[in-house]
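J.: Can you look at this prediction? I've put the sequence above it.
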Number of protein chains: 2
Amino acid sequence: MSTDIEIADAAKMQPITEIAAKLALKKDDFEQYGKYKAKINFPVKEISGKKHKLILVTGINPTPAGEGKSTVLVGLGDAMNQLGHQTTIAMREPSMGPVFGIKGGATGGGYSQIIPMEDINLHFTGDLHALTSANNTLAALIDNYIMRDNKLGLDPRRIIWRRVEDVNDRALRTVVTGLGGLSQGVPRETGFDITAASEMMAILCLSESLHDLKRRIGRIVVGYSYEKKPITVDELGFTGAITLLLKDAIKPNLVQSLGHTPAIIHGGPFANIAHGCNSVLATQIAMARSDYTVTESGFGADLGAEKFLDIKCRVLKKIPDAAVIVATARALKYNGGVDKKDLTKENISALKKGMANLARHVHNIQKYGIPVVVAINHFDSDTEAEIQTIKDACQEMDIKGIRVDAWAKGGNGTQDLAKEVIALTKKTYDFIPLYDENDSIEEKITTIATKIYGAKRVVFSKKARKQMKQFAKFGWEKLPVCIAKTQYSFTDDQTKLGAPTDFDFHIRDLVPKLGAGFIVALSGTIMTMPGLAKHPSAENMDIDDNGQISGLF
Amino acid sequence: MSTDIEIADAAKMQPITEIAAKLALKKDDFEQYGKYKAKINFPVKEISGKKHKLILVTGINPTPAGEGKSTVLVGLGDAMNQLGHQTTIAMREPSMGPVFGIKGGATGGGYSQIIPMEDINLHFTGDLHALTSANNTLAALIDNYIMRDNKLGLDPRRIIWRRVEDVNDRALRTVVTGLGGLSQGVPRETGFDITAASEMMAILCLSESLHDLKRRIGRIVVGYSYEKKPITVDELGFTGAITLLLKDAIKPNLVQSLGHTPAIIHGGPFANIAHGCNSVLATQIAMARSDYTVTESGFGADLGAEKFLDIKCRVLKKIPDAAVIVATARALKYNGGVDKKDLTKENISALKKGMANLARHVHNIQKYGIPVVVAINHFDSDTEAEIQTIKDACQEMDIKGIRVDAWAKGGNGTQDLAKEVIALTKKTYDFIPLYDENDSIEEKITTIATKIYGAKRVVFSKKARKQMKQFAKFGWEKLPVCIAKTQYSFTDDQTKLGAPTDFDFHIRDLVPKLGAGFIVALSGTIMTMPGLAKHPSAENMDIDDNGQISGLF
């Protein structure tokens, strides 16, 4: 069996000029980065006469094995084009740090991949590096500010702006900086996050224009004064400098799938600490030039889809015409209590038990009114009986469960799903927002936790209660809430699988992300800087004298 | 008067395909990064029938005001092409951190600039970001290694591999990492350097091929074991992973000057802590395709040219056919004792006194046998009498001193210099190496300090003496030496201007850079991470809604 990288390497790519032509992009509408990558200049004018439909691909709670949501997304895009429906893929760009840690790439798999996959998974067009630079230049300016006259009285103990790096480096999670004497800065405790977890990444992804990017950067709260007043980048006077570092990074990237479907890959915020979707600009450009745009949200629908619908869609001013929930027999069995090592064995009763997880995600999406279909992403070890069990359960919910062979067959294995998606987008429906932006922070958190997660009630820490009062005072109450919780469970305890009920949901801390335009509500410990494994993938990687890479995926 | 950025913005650029054609590069020999930048694939075959001449541009000791060495280099390239001599420029690429600190760009100035200057001075094609990633991925792997089984017994107190960032961030000079508990790594004191000061940058610049890059990365000594044995990247097993992160960064970048001279801009190591020249590959490719290649070395000839000749040329296996020493009346007056604020006033006696600095640099270059000319880079405040004084002094040394107006007139203001350079390259000469690679480390340092700097003797610290013994034991004695000292003086005291004699030169510490292939000998305190000014340039920068940048240079 071929590996992902072997399949990708064997693929014949179309020149990026041909891919651009499929989106009616003219010569001056994009800039080439090599032969197979481009950055798209915006604004991009909407072509009238196109259907401009949007399809959201989301999933059940992920298991440690990975469920193939991106693979289904790419296969779906290819299948829709094969069937004559002009479709573009909009997707997140991968973070490089994890590539050297424990996982492979983030560009799909098998015969449903985005290419050139090595480039995309490594430095790509430099967006993450530009974000790292912008983030850390701001950090250096802040530390320089407090060692100078510090006119605004920024309290070194209350700086919330951290440095970032696109490397899995646990030793940087907590550091003391500014050591070494008088001219080396003000000593203080701080830390590094991975770039994908940064507010700068969330800002890039939610900006509608260069103007909007600058406005958002100016609003970032970097910390508080000795009088506990929030201090912004605008007040410090660094907005222009930080914005210009992102002048190219804000342009969406154009690549292609193995089936030569145009793929706009741009922005990659984490879906726990941030909102987990590709950039607004990428989705807008794809939609402006296509009948159908297929896009994704991070992790399970409880985190990813909720944030897509409640955070991104408010900026996008467009809601999905249909949603696909990706499930696998393995993941449902895992949710039904099967041990990781036993997932390849048939286990119908565990599968039925685990179906509760899928059912809750389906009902959640239906709460918004969105037409939904379940994609049963097929793995070799799945039995016919298992697939049928999922299909039957879907039928009971009055929706379709469709087997998908995106990994093994690409678009050819995803056409049944594509047909159902097309059918769903023909329905009209009334979108039902989950909460009103005028609700208080407490109300918003409570609505998400009880309606989407299934919690009985929300328990706020003393600190969080105090913060909610402060934030209301600062005028931040009307912002959407971005809950940071484990992706493995509906609850705040990653060991509670399936569809738990009757549980308390705990909020321990709030973090204002005024630039991104949301309040992060932290539940439990969320990792914002991953580590490396005992034997990191880096040990197996190599490149030969001709530039041939091995061991990367 | 127009600013550098206004001149650059007003320029009409030729498509990079046309610039590539001037070097007879075919479609598959390069990859476009936008319309005006490209990366060159190598190896590049030498075209027979070309002259393949190499001209080194160096300077007197720089003063805080900056002397315009890059401006003269670019003007010279344009002038030579104007005169019908096919010429290519090979130059360092700028570090981005300092752009936000205290200085402008590093792509020449006025009508002698490399363009697109904003791109080149910001992220360019991502080379520095790739180096940062490679450097810091290695750092993360090392910290992960010592918190795991640490089979080689790498002593956390003896790790010499530091992290880097292309940001001027003084607060990161000394940090404590690994805090926060058991799973956050091993706490230790370390720090960050600016990327341009890293061994990784020096390695990139001295590598002749991907094979050589990998060999050099494998040889990096990251620290010592508890038994004080050096430990390399090869021994840790990370060579392949780190090398593949540089697979694109190692390809030289092609851009153009305002006069449309091809400019290969690649690599930018500091000239104090590292060797300060653009990459070997950039110079090789320029020479392979040109009659004349004009290139530079960092800071004054005592640091830059010495390292160019004693470190880079050993790898390049080619010596310059002629050298240009850039001097200005202001800088010579400063060397003659004039205060910075009085440099615009005529002062012939101070100028004559300061000429001692230029004279020593001229004699130093002549010690290698290289034909030399002095370029008198003209500033508005210079008087005719001052220019004539320099010319007369040059005549006494039996060389030419030629006024250059590269800033104000571009190539048109540099043609006299170009003619003399062409004349000099017609001479043949015997190159006289400064030292033999079989000399001991002590002998090499003593030769450089006495013959080039004019020191009476070298005083080694107890530590340095101990290190020289150790290094000889490890078999590192045959490597060239890279002396890290202040750029402002021939001595190790930056206040001693002119051409001091009868002084002791102090070496306090040695650092093995086995990947780069040299031993750094530290004299005094060398800054490897610059800071930001009280009012950093960042405060004045802006970008408008259409992407127009201001305040950058």
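T.: Okay, I see it. Numbers count the residues shown, from 1 in each chain, chains lettered A, B, ... in the order given.
J.: can you give me the strands for the stretch 401-550 of chain A?
T.: Secondary structure of the stretch 401-550 of chain A by DSSP state E, counting those that start in this stretch: the strands cover A:401-404, A:457-460, A:481-484, A:504-507, A:509-513, A:518-522, A:542-543, A:549-550.
J.: of all these, which lies closest to B:Gly59?
T.: Set against B:Gly59 and scored by Cβ to Cβ, these come closest in strand A:542-543, at 38.1 Å. Every residue, glycine included, has its C-beta placed from N, CA and C.
J.: What pairs with the closest one, parallel or antiparallel?
T.: Paired neighbours of strand A:542-543 in the sheet (DSSP bridges): strand A:549-550 (antiparallel).
J.: and A:Lys51, how many neighbours?
T.: 16 (other Cβ atoms under 10 Å in any protein chain shown).
J.: Pull the contacting residues for the residue of the stretch 251-400 of chain A found nearest chain B.
T.: Here the stretch 251-400 of chain A gets closest to chain B at one residue, A:Lys251, 9.8 Å apart by Cβ to the nearest Cβ. Counting by Cβ atoms under 8 Å, 6 or more residues apart in numbering or on different chains, A:Lys251 makes contact with A:31, A:39-42, A:281.
J.: what does the model give it for pLDDT?
T.: A:Lys251 carries a pLDDT value of 98.
J.: sec struct for it, please.
T.: Following DSSP: H, G, I helix; E, B strand; the rest coil, A:Lys251 is assigned to coil.
J.: Relative to A:Thr3, how far out is it?
T.: Distance of A:Lys251 to A:Thr3, given as Cβ to Cβ, to the nearest Å: 32 Å.
J.: Same check on A:Ala499?
T.: 35 Å.
J.: The two: which has the busier surroundings?
T.: A:Ala499 (22 against 15).
J.: Name the nearest residue to that one, ignoring sequence neighbours.
T.: A:Ala356 (3.8 Å; Cβ to Cβ, 6 or more residues apart in numbering or on different chains).
J.: need the contact list for that neighbour.
T.: Each residue near A:Ala356 by Cβ under 8 Å, 6+ apart is listed here: A:335, A:498-499.
J.: Where does the stretch 451-553 of chain A get nearest to chain B, residue-wise?
T.: A:Asp542 (3.3 Å).
J.: ok, A:Thr17 to A:Leu131 distance?
T.: Distance from A:Thr17 to A:Leu131, by Cβ to Cβ: 28 Å.
J.: Of these two, give the one with the bigger neighbour count.
T.: A:Leu131 (24 against 13).
J.: in terms of contact, does the more buried one touch A:Leu204 like I think?
T.: Yes: using Cβ atoms under 8 Å, A:Leu131 is in contact with A:Leu204, at 6.4 Å.
J.: Residues that sit against both of these two, list them.
T.: A:246, A:249.
J.: Now the residue in the stretch 201-350 of chain A that chain B sits nearest to: which helix or strand?
T.: Closest to chain B within the stretch 201-350 of chain A is A:Gly240: 3.3 Å, counting by Cβ to the nearest Cβ. Here A:Gly240 sits within helix A:239-244, counting by DSSP states H and E.
J.: What are the structural domain limits within chain A?
T.: What automatic domain parsing lists as the domains of chain A is A:4-124+A:253-425, A:127-244, A:441-523.
J.: Point out the one among these that comes closest to B:Ile507.
T.: B:Ile507 lies closest, by Cβ to Cβ, to one member of these: domain A:127-244, at 22.3 Å.
J.: Tell me the residues of the stretch 201-350 of chain A that contact chain B?
T.: The stretch 201-350 of chain A comes close to chain B at residues A:209-211, A:214, A:237-245, A:247-248, as judged by Cβ under 8 Å from any Cβ of the partner chain.
J.: again, 6 Å this time
T.: A:210-211, A:237-238, A:240-241, A:243-244, A:247 (Cβ under 6 Å from any Cβ of the partner chain).
J.: picking that back up, among the strands of the stretch 401-550 of chain A, pick out the one with the most neighbours on average.
T.: strand A:481-484 (a mean of 26; mean count of other Cβ atoms under 10 Å in any protein chain shown).
J.: other SSEs contacting it?
T.: On a contact count with 3 or more Cβ pairs under 6 Å, 6 or more residues apart in numbering or on different chains; DSSP states H and E, strand A:481-484 meets strand A:518-522.
J.: and the strand it packs on, how far out from the chain's middle?
T.: Strand A:518-522 sits 16 Å away from the centroid of its parent chain (Cα atoms, centre = their mean, to the nearest Å).
J.: now swap in stretch A:519-536 and tell me
T.: Averaging C-alpha positions (Cα atoms, centre = their mean) puts stretch A:519-536 15 Å from its chain's average.
J.: what does it contact?
T.: Stretch A:519-536 has contacts (Cβ atoms under 6 Å, 6 or more residues apart in numbering or on different chains) with A:100-102, A:168, A:170, A:173, A:192-194, A:197, A:272-273, A:445, A:479, A:481-485, A:492, A:506-513, B:144, B:148.
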